[in-house]
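K.L.:
need coordinates for the following:
(chains A and B)
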Number of protein chains: 2
Amino acid sequence: MVDIATRVWNHKWKIDPIVRSLIDTDFYKLLMCQSVFRNKPDTQVTFSLINRSTHIPLADLIDEGELREQLDHIRSLSLSRGESTWLRGNTFYGKRQMFRPDFMEWFEGLRLPPYNLERKGDQYELTFEGTWPEVMLWEIPALAVLMELRGRAVLDGMDRFELQVLYARAMTRVWEKIEALREIPKLSIADFGTRRRHSYLWQDWCVQAMREGLGDAFTGTSNCKIAMTREMEAIGTNAHELPMVYAALALDDDALARAPYDVLSDWHDEHEGNLRIILPDTYGTKGFLDSAPDWLAGWTGIRVDSGDPAQAAETAIDWWTERGEDPKTKRVIFSDGLDVDKIRDLHARFSSRVNVSFGWGTLLTNDFRGLVPNDALAPFSLVCKAVAANGRPTVKLSDNPNKAMGPAEEIKRYKRVFGVGEQTVQEVVV
Amino acid sequence: MVDIATRVWNHKWKIDPIVRSLIDTDFYKLLMCQSVFRNKPDTQVTFSLINRSTHIPLADLIDEGELREQLDHIRSLSLSRGESTWLRGNTFYGKRQMFRPDFMEWFEGLRLPPYNLERKGDQYELTFEGTWPEVMLWEIPALAVLMELRGRAVLDGMDRFELQVLYARAMTRVWEKIEALREIPKLSIADFGTRRRHSYLWQDWCVQAMREGLGDAFTGTSNCKIAMTREMEAIGTNAHELPMVYAALALDDDALARAPYDVLSDWHDEHEGNLRIILPDTYGTKGFLDSAPDWLAGWTGIRVDSGDPAQAAETAIDWWTERGEDPKTKRVIFSDGLDVDKIRDLHARFSSRVNVSFGWGTLLTNDFRGLVPNDALAPFSLVCKAVAANGRPTVKLSDNPNKAMGPAEEIKRYKRVFGVGEQTVQEVVV
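P.N.:
Numbers count the residues shown, from 1 in each chain, chains lettered A, B, ... in the order given. Here you go, the predicted structure:
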């Protein structure tokens, strides 16, 4: 029996919304948002979409009208009562009331601020301006919308069984990865794939398949909406935008040099245990660790998000050892460009020396490589970053020059201040 | 929105019926049934299920209670008004009113006769006795029930995503076969996969995928129910049971030698064009053609269902040539153990010399080989055959001794009467 009411109701939607909830976003965004809301609520920031894969002509692939409809729909969203209840009542990282009442009250009243969209050649210039806590929440939904609209444009020309077989192939691929991961003893892996996912439904499928296939080795998802509906752990800590904005706000070189530690000092006040994870690569991992205060060596772990991951982990292990910490009590979280082979290799190399976890992103939730002609569904490197704070440009160096961003002059200055020398170029796939 | 009524309705089913319609059967069964109804309506026959793959312990895998429930359900079925309308009103092989009013009236009143089920070791003995037109209609549903119950027993232990990936893999496999077949110019292929299908829904999926993927190269399905619901051609002509029963009824060797031609003489009176297809292998292709009357050489084509298919096609081409017929006006239908490579090879070898068609069975609708542990879903060779007629045993020789059946003494006598000498053994997979 067809449910006629459902069918008629579905007719009434003007669009098929890609993002349907304000918590269809990464957990660390909400943690960082609360921190920013407390420490830097009035900072004026600009976030901008950057397509690092310039061979993908997004403005040719995606209709501007459709893009605006999706972004407008996101602006109509507000926190639902159940979502608010979940954020207020749930245990995150073993802690109750992770989100404070003043933050929750603000979040309940939030609508996302306006966006600026302009076509430039075959790309879109999409920027967001306003106070930091508001603007920062655009990042994940904006990326999800662009990724999915590009996918829809490709899928539009496909027939019914062709489509079903496409998803059959993609499911088979994910499952084969899960079967391979199952062979790794004492694995600890989470889904970090919201931002560049194929679609919400697909991410939701992948996450559930991971749970069924990996059991306890699957520790949760970064996506709050999926964590809520599937009753899983929400996973994540912090990201580059914190040190980038703090650094941009620094008025001189001394303040700039201190900025990455100031961020973590604020974080230290707010969080403990498994939320005390250092993201050291914003301005070069080596220099960051060498100049770090001792209290940072007491943190629980480190997240490796650029450069050669094995080298970064070795650097961290050496650093802990130098500072008199036992690496076996520490955690290294790998989260950059992971797929099964890399996970297996890193686990084999480090799991007896430190606690190892993996935050698996794009190649979990968007591996459609080779499944359609011209590889038109292959994931690509799209980011949405803070590019200015209070009128001053931001800079990111990372451990891979291909991931660096900011004005050339400022990059030079940051390299000098943070003592970054020669770096190895690594191809950025996703 | 869940349709509550549907959900409650589904609760009310005592079982999930495998066969839900009397026309969920092969088209040739109905054609033959009408012929038998006209020519031999009172013949008493026994049909018996024979598992040629004795390593599959059907009685250990399938619960007897469940099997009885499914068979009882089939006995409760009768032709629906829409099914009757379709049989009466549709065009089959270009002909209106293929089914005569007296046959349709009988069919509308039909319920399938009782069955006898007994466990013997790790196998079931399942037999059907009664008048030929009634009993013969048990063949296809009985096979479908056994095949699917065995599959359900295997699937029972699987988790939700594991199941979804199983079907994803199977779909991908079917689609890859379709993609390969698409490369063959002027292909003509039909679904013959009802009897050993994985399930009805799966056959229905495969048929629709064939239509989308192959377009006009896909000529239709042997399954009447699917042909009706999907508005396709119903495909099929006649099978071994006709000559087998006619032969069993023969009272002496002379009559026996004539029997296979008597069958086709009756068929000749009833059908023309593409329905005049010879199935020559029941008692050896070579001898059958050598002794055939000239009017048979005027028939449209031949179906190759055992032995070396290329050799059988060569034999037919030679025979037509000898009899002064142009092979280019004739059709050869291959229907034995086909898969993509064999189809490609046979097409390449014969398509310029005769009209070639394929009736693709088990490896279209039940290729789950290698997809579960111990290959527990691999198809196997189950048949349901007429074993006696008016108290006399039937015999089949075929072009492959592994497909022969009947009492040893009778086989010897048939070999003598039909002049069958040395035969090449071919493995029977499906």
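K.L.:
only C-alpha atoms from now on, for both contacts and neighbour counts.
P.N.:
Will do.
K.L.:
for the stretch 101-250 of chain A, which residue gets nearest to chain B?
P.N.:
The stretch 101-250 of chain A approaches chain B most closely through residue A:168 (4.1 Å), counting by C-alpha to the nearest C-alpha.
K.L.:
does that residue touch residue B:169 like I think?
P.N.:
Yes: with contact defined as C-alpha atoms under 8 Å, residue A:168 reaches residue B:169; the gap is 6.5 Å.
K.L.:
what touches both of the two?
P.N.:
Common neighbours of residue A:168 and residue B:169, counting by C-alpha atoms under 8 Å, 6 or more residues apart in numbering or on different chains, are absent.
K.L.:
did I read that right, the residue of the stretch 101-250 of chain A closest to chain B in a helix?
P.N.:
Yes: assessed with DSSP: H, G, I helix; E, B strand; the rest coil, residue A:168 lies in a helix.
K.L.:
what about the nearest residue to it once chain neighbours are set aside, how many residues close to it?
P.N.:
Nearest non-adjacent residue to residue A:168, counting by C-alpha to C-alpha, 6 or more residues apart in numbering or on different chains: residue B:168, 4.1 Å away. Applying other C-alpha atoms under 10 Å in any protein chain shown, we find 22 residues neighbouring residue B:168.
K.L.:
starting at the chain centroid, how far to stretch A:20-37?
P.N.:
Centroid displacement of stretch A:20-37 relative to its chain, using C-alpha atoms, centre = their mean, to the nearest Å, is 11 Å.
K.L.:
try stretch A:264-273
P.N.:
Put simply, stretch A:264-273 sits 20 Å off its chain's centre (C-alpha atoms, centre = their mean).
K.L.:
outside of that stretch itself, list whatever touches it.
P.N.:
Stretch A:264-273 is contacted from outside by A:35, A:39, A:276, A:278, A:299-300, using C-alpha under 8 Å, 6+ apart.
K.L.:
buried sites along it?
P.N.:
Residues of stretch A:264-273 classed as buried: A:264, A:267-268, A:271 (neighbour count, 16 or more other C-alpha atoms under 10 Å in any protein chain shown).
K.L.:
can you check stretch A:405-412 too?
P.N.:
In terms of neighbour count (16+ other C-alpha under 10 Å), stretch A:405-412 has its buried residues at A:405, A:410-411.
K.L.:
next: stretch A:330-348.
P.N.:
Of the residues in stretch A:330-348, those buried (16+ other C-alpha under 10 Å) are A:330-340, A:343-344, A:346-347.
K.L.:
thinking again about what came up before, which ones among the contacts of stretch A:264-273 map onto helices?
P.N.:
Among these, the members falling in helices (DSSP state H) are A:35, A:39.
K.L.:
and the contacts of stretch A:264-273, which two are the farthest apart?
P.N.:
Farthest-apart pair in the contacts of stretch A:264-273 is A:39 and A:300; separation 22.7 Å (C-alpha to C-alpha).
K.L.:
who has more neighbours out of those two?
P.N.:
Neighbour count, other C-alpha under 10 Å: between residue A:39 and residue A:300, residue A:300 has more, with 19 against 13.
K.L.:
any weak-confidence spans in chain A?
P.N.:
Along chain A, segments meeting pLDDT under 70 span A:429-430.
K.L.:
contacts for the helix or strand encompassing residue A:84?
P.N.:
In the assignment (DSSP states H and E), residue A:84 maps to helix A:81-89. Under the contact criterion C-alpha under 8 Å, 6+ apart, helix A:81-89 has outside partners A:23, A:96-101, A:104, A:108, A:228.
K.L.:
pull out the buried members of those residues.
P.N.:
Buried by 16+ other C-alpha under 10 Å: A:23, A:98-99, A:104, A:228, out of the contacts of helix A:81-89.
K.L.:
contacts only, for the residue of the stretch 301-430 of chain A found nearest chain B.
P.N.:
Nearest residue of the stretch 301-430 of chain A to chain B, counting by C-alpha to the nearest C-alpha: residue A:371, 11.3 Å away. Contact analysis of residue A:371 by C-alpha under 8 Å, 6+ apart lists A:166, A:169-170, A:377.
K.L.:
show me the two of those residues that sit farthest apart.
P.N.:
Using C-alpha to C-alpha, the two most remote members of the contacts of residue A:371 are A:169 and A:377, lying 13.0 Å apart.
K.L.:
so which residues of chain A form strands?
P.N.:
Under the criterion DSSP state E, chain A contains strands at A:44-51, A:91-92, A:95-96, A:115-120, A:123-131, A:189-191, A:218-221, A:277-278, A:301-304, A:331-334, A:355-360, A:382-389, A:392-393.
K.L.:
can you list those in a markdown table and add distance to chain B?
P.N.:
Supplementary listing: those in a markdown table, determined by distance: least, C-alpha to the nearest C-alpha, whole Å:
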| stretch | distance to chain B |
| --- | --- |
| strand A:44-51 | 33 |
| strand A:91-92 | 27 |
| strand A:95-96 | 31 |
| strand A:115-120 | 34 |
| strand A:123-131 | 35 |
| strand A:189-191 | 17 |
| strand A:218-221 | 15 |
| strand A:277-278 | 33 |
| strand A:301-304 | 31 |
| strand A:331-334 | 27 |
| strand A:355-360 | 19 |
| strand A:382-389 | 30 |
| strand A:392-393 | 47 |
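K.L.:
looking at those, which is nearest to residue B:390?
P.N.:
Nearest of the strands of chain A (C-alpha to C-alpha): strand A:218-221, 66.0 Å.
K.L.:
enumerate the residues of chain A near chain B.
P.N.:
Counting by C-alpha under 8 Å from any C-alpha of the partner chain, the residues of chain A close to chain B are A:1-3, A:6, A:159, A:161, A:165, A:167-169, A:171-172, A:175, A:208-209, A:212-213.
K.L.:
write a ChimeraX command that selects only the buried members of these.
P.N.:
Remark: buried members of the residues of chain A next to chain B, expressed as a ChimeraX selection using 16+ other C-alpha under 10 Å:
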select /A:161,165,167,168,169,171,172,175,208,209,212,213
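K.L.:
against residue A:391, how distant is the residue nearest to residue A:48 when sequence neighbours are not counted?
P.N.:
Spatial nearest neighbour of residue A:48, chain neighbours left out: residue A:127 (4.4 Å); criterion: C-alpha to C-alpha, 6+ apart. For residue A:127, the distance to residue A:391 (C-alpha to C-alpha, to the nearest Å) stands at 14 Å.
K.L.:
mind checking which of those two has more residues around it?
P.N.:
Under the criterion of other C-alpha under 10 Å, the comparison of residue A:127 against residue A:391 puts residue A:127 first, with 23 against 13.
K.L.:
contact partners for residue A:119?
P.N.:
A:59, A:125 are the contacts of residue A:119 under C-alpha under 8 Å, 6+ apart.
K.L.:
what does the most centrally placed residue in chain A show for phi and psi?
P.N.:
Closest to where the C-alpha atoms of chain A average out (C-alpha atoms, centre = their mean) is residue A:195, at 5.8 Å. Note on residue A:195: backbone dihedrals following degrees, to the nearest 10 are phi -60, psi -30.
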